[in-house]
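Engineer: Could you work out the structure for the sequence below:
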Amino acid sequence: MGCPRRPGAGCAARHRKERERRTVVNWKQNLIVIWLSQFLSIMGFCFALPFMPYFIQKDLGVQDPQDLNFWVAVCSAATSGALAVFSPIWGLLGDRYGRRLMLIRANLAAAAVVALMGLVRSVEALALLRFLQGVFTGTVTAAQTMVAVGTPPHRSGLALGSLSSAVFCGGMAGSLLGGVVAEHFGYREAFFAGSGLLLLAGMLVLAGAREHVPSAAGAPSAPLAGARLGSAGLVAPILLLAVAVAFVRQFDAPFVPLLVQDINMTIEGASLWTGALQALGGFAGLLSGLAIAPLADRIAPARVAAVAALGAGLFLAPQAFATGFSALFIARFAMTFCAAALDPVFQIWLVKVTPPERRGAVFGWAATARSTGWLAASIAGGAVALAYGIRPLFLAGAFLFYAIVPVIAYVALRQKKRAPAPERSPASTPA
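Structural biologist: Model prediction:
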């Protein structure tokens with residue numbers, strides 16, 4: 001039954017409830033579509049990228065250990081450096097023209113770049129494509145921004161934690177299947193298969209995700225409105241902390257395949273072991289996203305992050321001494337379970353201090369912060385590997401996890417001091 005021509009308060013209330021009901025359906029439907037797209041996207045990336053050190057050795061002919069460590073670091077740093085520069089630009093464009101468009105762009109560009117990686121004949125060309133990957137892709141940041149903006153604030157922990165689980169599920173499936181494809185069919189075929197999955201992810205967002213872009217979002221009168229970080233005094237320390245966390249998390253990551261190869265004592269079969277290890281890490285990240293990240297909706301995010309960092313450092317150190325796959329797999333699982341909680345916790349922290357209309361820009365700057373940390377980690381990790389070898393890298397990484405705990409506590413204290421005091425109601429004022 002429709003409302004009368006001159007609706008009263010009751011009719012307005014029904015309209016309001018109907019709009020709220022549709023909003024709830026939309027964010028849940030979008031979360032499902034974006035979750036599936038991220039699963040496919042990360043699965044596509046993990047079909048080949050975890051095995052890049054082996055691809056550089058076997059297909060591109062880099063055999064010298066020093067040269068290999070150098071190019072592994074360069075290929076990792078190239079993507080991170082480009083992401084650091086271009087993520088804020090894509091974030092601003094997302095605030096103006098819509099986050100859905102940015103997510104489609106990221107997936108389709110990734111499909112093209114990953115396919116081209118399967119065609120390269122030199123390590124220099126591979127490094128160039130890794131740079132272009134950082135320029136045009138960024139599927140995780142685009143997905144996080146769209147979910148953060150479209151989700152009710154009190155459900156942001158659940159939504160971002162669930163999206164984090166999609167990343168790790170995709171990594172788990174892609175690493176397992178990609179390891180089999182790379183070992184039995186070749187690394188180039190793994191790149192092509194990954195490209196197909198990224199294309200499918202983009203098509204899924206195009207067909208199934210929906211977004212309302214306010215007309216003001218595309219207005220030319222405020223082209224750099226998103227560049228001003230709302231509540232900058234609250235946001236900036238979190239972004240600086242995100243740099244430190246990204247640095248610590250990425251410090252050892254590019255060299256894990258080389259540790260696997262060292263334990264395996266040959267490159268033959270190393271792809272299968274690396275794929276299994278990455279898949280186990282994906283399962284750990286899935287559990288972490290579902291179990292730890294939602295705690296940040298009820299417990300102070302800083303407290304959750306500090307405990308997670310301590311646990312990650314505790315379990316990273318034993319990997320430096322692993323001589324068999326059992327010890328490595330157990331330590332890597334436990335370390336990833338703890339470390340995987342850090343990213344969604346900081347995302348929730350940002351959501352809590354950022355107005356919705358600025359989240360695209362803020363998440364773009366957050367991606368820059370992470371990418372800056374990744375870039376520095378790739379350079380520093382490569383320097384350690386070149387100077388001391390692979391295994392000392394993991395001991396240094398454990399120390400770095402411990403070192404960020406007091407930094408987290410310091411930032412949390414600053415946040416508490418800067419946060420506006422809640423207004424007191426007249427009823428609570430003493431007589």
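Engineer: Contacts for the host helix or strand of Ala106, please.
Structural biologist: Assigned by DSSP states H and E, Ala106 belongs to helix 99-117. With contact meaning C-beta atoms under 8 Å, 6 or more residues apart in numbering, helix 99-117 is reached by 34, 37, 41, 44-45, 48, 90, 93-94, 126, 129-130, 132-133, 136-139, 141-143, 145-146, 149-150, 191-192, 194-196, 198-199, 201-202, 205-206, 209-211, 360. C-beta here means a position set from N, CA and C on the backbone, and glycine is covered the same way.
Engineer: Now for the residue nearest the centre of the chain: which residues touch it?
Structural biologist: In the chain, the C-alpha nearest the mean C-alpha coordinate belongs to Val140, at 5.1 Å (C-alpha atoms, centre = their mean). With contact set as C-beta under 8 Å, 6+ apart, Val140 has these partners: 38, 42, 167.
Engineer: do you know how far it is from Ala383?
Structural biologist: 27 Å (C-beta to C-beta, to the nearest Å).
Engineer: hang on, the earlier thing: tell me the helices and strands packed up against the helix or strand just after the helix holding Ala106.
Structural biologist: Later in the chain than helix 99-117, the nearest helix or strand by DSSP H and E is helix 123-136. If contacts are counted by 3 or more C-beta pairs under 8 Å, 6 or more residues apart in numbering; DSSP states H and E, helix 123-136 sits against helix 52-58, helix 65-97, helix 99-117.
Engineer: And the contacts of helix 123-136?
Structural biologist: 52, 55-56, 60, 62, 71, 74-76, 78-86, 105-106, 109-110, 113-114, 116-117, 120, 371.
Engineer: Narrow those residues to just the buried residues.
Structural biologist: The neighbour-count test (16 or more other C-beta atoms under 10 Å) marks 52, 55-56, 60, 62, 71, 74-76, 78-84, 86, 105-106, 109-110, 113-114, 116-117, 120, 371 as buried among these.
Engineer: hang on, the earlier thing: output the helices and strands packed on helix 123-136 as CSV; include the columns distance to Ile267 and mean pLDDT.
Structural biologist: Shown next, in CSV, are the helices and strands packed on helix 123-136 (distance: least, C-beta to C-beta, whole Å; pLDDT from 0 to 100):
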stretch, distance to Ile267, mean pLDDT
helix 52-58, 6, 94
helix 65-97, 11, 88
helix 99-117, 19, 93
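Engineer: Gly282 is nearest to which of the ones you listed?
Structural biologist: Closest approach to Gly282 among the helices and strands packed on helix 123-136 (C-beta to C-beta): helix 52-58, 17.4 Å.
Engineer: Pull the CA coordinates from that closest one and hand them back as PDB.
Structural biologist: What follows is helix 52-58, C-alpha atoms only, in PDB (Å, rounded to 0.1, in the frame of the first residue of the first chain):
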ATOM      1  CA  MET A  52      59.100 -15.700  -9.200                       C
ATOM      2  CA  PRO A  53      62.600 -16.500  -7.700                       C
ATOM      3  CA  TYR A  54      62.400 -19.900  -9.500                       C
ATOM      4  CA  PHE A  55      61.200 -18.300 -12.700                       C
ATOM      5  CA  ILE A  56      64.100 -15.900 -12.600                       C
ATOM      6  CA  GLN A  57      66.500 -18.800 -12.200                       C
ATOM      7  CA  LYS A  58      65.100 -21.400 -14.700                       C
END
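Engineer: so how far is it off the chain centroid?
Structural biologist: Using C-alpha atoms, centre = their mean, to the nearest Å, the distance from the centre of helix 52-58 to the centre of the chain it belongs to is 24 Å.
Engineer: ditto for stretch 328-344
Structural biologist: Distance of stretch 328-344 from the chain centroid (C-alpha atoms, centre = their mean) equals 14 Å.
Engineer: got the contact list for that stretch?
Structural biologist: Applying C-beta under 8 Å, 6+ apart, the contact partners of stretch 328-344 are 157, 160-161, 163-164, 168, 245, 249, 256, 259-260, 263, 276-277, 280-281, 283-285, 287-289, 292-293, 296, 304-305, 308-312, 314-316, 318-319, 322, 370, 401.
Engineer: Just the buried residues from the residues you listed, in ChimeraX please.
Structural biologist: Of those, the buried ones go into a single ChimeraX selection, burial set by 16+ other C-beta under 10 Å:
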select :157,160,161,163,164,168,245,249,256,259,260,276,277,280,281,283,284,285,287,288,289,292,293,296,304,305,308,309,311,312,314,315,316,318,319,322,370,401
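Engineer: can you give me the strands in the stretch 151-300 of the chain?
Structural biologist: Counting by DSSP state E, counting those that start in this stretch, one finds no strands in the stretch 151-300 of the chain.
Engineer: Could you pull out the helices in it for me?
Structural biologist: For the stretch 151-300 of the chain, the helices defined by DSSP state H, counting those that start in this stretch cover 156-184, 187-208, 232-250, 256-264, 270-291.
Engineer: orientation of the last one relative to helix 256-264 in degrees?
Structural biologist: Orientation of helix 270-291 against helix 256-264 (axes from the mean of the first three to the mean of the last three C-alpha atoms, to 10 degrees) gives an angle of 130 degrees.
Engineer: what angle do helix 270-291 and helix 187-208 make?
Structural biologist: 30 degrees.
Engineer: quick one: average confidence on the next helix or strand after helix 270-291?
Structural biologist: Per DSSP H and E, the first helix or strand lying C-terminal to helix 270-291 is helix 301-316. Average pLDDT, helix 301-316: 90.
Engineer: buried sites along the helix or strand just after helix 301-316?
Structural biologist: Counting by DSSP H and E, the element after helix 301-316 in chain order, helix or strand, is helix 325-339. With burial defined by 16+ other C-beta under 10 Å, the residues of helix 325-339 counted as buried are 328-329, 331-339.
Engineer: quick one: Glu189 from Phe247, how far?
Structural biologist: Using C-beta to C-beta, Glu189 is found at 34 Å from Phe247.
Engineer: the more surrounded of those two?
Structural biologist: Each of Glu189 and Phe247 has its neighbours counted (other C-beta atoms under 10 Å); Phe247 has more, 22 against 16.
Engineer: distance of the nearest residue to the more buried one once chain neighbours are set aside from Leu36?
Structural biologist: Leaving aside its sequence neighbours, Phe247 sits nearest to Gly373 (C-beta to C-beta, 6 or more residues apart in numbering; 3.8 Å). Relative to Leu36, Gly373 is positioned 28 Å away (C-beta to C-beta).
Engineer: Those two: who's more crowded?
Structural biologist: Gly373 (24 against 18).
Engineer: Could you pull up the residues touching the more buried one?
Structural biologist: Contact partners of Gly373, counting by C-beta under 8 Å, 6+ apart, are 242-250.
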